[in-house]
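> Sequence and predicted structure are below.
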Amino acid sequence: MASYNFLMQATYDDANLILKLYELRREETLRKARAWFGANFNAASAEEVMQKYPPGSPENTNIRMVVSYWDMVASFVTAGVLNQELFFQSGGELLFVWEKLRGIVDTFRQMTKNPQQWANLETVGNAYIKFVESRGPEAFAAFQAMMKAVPASESAAAAKP
């Protein structure tokens with residue numbers, strides 16, 4: 001994985017990029033995809049994803065839109081374009097998305113024969129977990145428990161900005 005400086009000082013450019021990313025999240029199609037993903041996406045493997053949400057389906061489009069958006073955002077962090085700590089202070093949805101994907105990333109990489117599938121999302125998602133745990137040793141476990149306990153309708157509402 002790329003090496004980058006997590007300790008760089010945040011700049012006004014970082015803040016402006018975060019604001020732009022937030023603005024993009026408010027776009028209607030992405031907003032609907034995020035709401036669907038938060039409320040409905042649940043799969044234990046790449047095969048299950050393909051079965052439940054086949055290519056060409058609206059659900060598959062939603063998944064690809066959400067995951068590609070957050071992988072793109074993560075690429076800004078891994079490339080050093082966006083200050084990681086500043087992003088972590090306001091980008092909690094990335095962790096939510098990573099937690100939903102974490103258990104299936106290996107099977108997706110095998111299926112696509114792409115060992116770098118979602119690599120940026122993985123790098124930043126795992127760093128985010130460490131960040132959350134550094135703020136409170138039990139915070140990530142509590143986050144995971146909340147994700148499991150939230151009914152689908154509330155999960156969809158939580159995905160909205």
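Here it is on my side, so go on.
> For residue 140, pull up the helix or strand it's in.
helix 139-149 (DSSP states H and E).
> contact partners of that helix?
95-96, 99-100, 129, 132-133, 155 (Cβ atoms under 8 Å, 6 or more residues apart in numbering). Just so you know, the C-beta spots here come from the backbone N, C-alpha and C atoms, and that holds for glycine as well.
> at 6 Å what do you get?
99, 129, 132-133 (Cβ atoms under 6 Å, 6 or more residues apart in numbering).
> burial count for residue 64?
13 (other Cβ atoms under 10 Å).
> For it, what is the enclosing helix or strand?
Here residue 64 is assigned to helix 58-78, by DSSP H and E.
> residues in contact with residue 91?
Counting by Cβ under 6 Å, 6+ apart, residue 91 has no contacts.
> Flag every buried residue along the helix holding residue 140.
Neighbour-count burial for helix 139-149, counted by 16 or more other Cβ atoms under 10 Å, picks out 140, 143.
> Mind exporting the C-alpha coordinates of it to PDB?
This file holds the C-alpha atoms of helix 139-149, laid out as PDB (Å, rounded to 0.1, in the frame of the first residue of the first chain):
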ATOM      1  CA  ALA A 139     -15.700   3.000  20.500                       C
ATOM      2  CA  PHE A 140     -15.400   0.800  17.400                       C
ATOM      3  CA  ALA A 141     -17.000  -2.200  19.100                       C
ATOM      4  CA  ALA A 142     -19.900   0.100  20.100                       C
ATOM      5  CA  PHE A 143     -20.100   1.300  16.500                       C
ATOM      6  CA  GLN A 144     -20.300  -2.200  15.200                       C
ATOM      7  CA  ALA A 145     -23.000  -3.100  17.800                       C
ATOM      8  CA  MET A 146     -25.000   0.000  16.800                       C
ATOM      9  CA  MET A 147     -24.800  -1.000  13.100                       C
ATOM     10  CA  LYS A 148     -26.200  -4.400  13.900                       C
ATOM     11  CA  ALA A 149     -29.000  -3.000  16.100                       C
END
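> Out of the helices and strands in this structure, which is least certain?
Comparing helices and strands within the chain by mean pLDDT, DSSP states H and E singles out helix 152-158 as the least confident, with a mean of 48.
> Sounds good, over and out.
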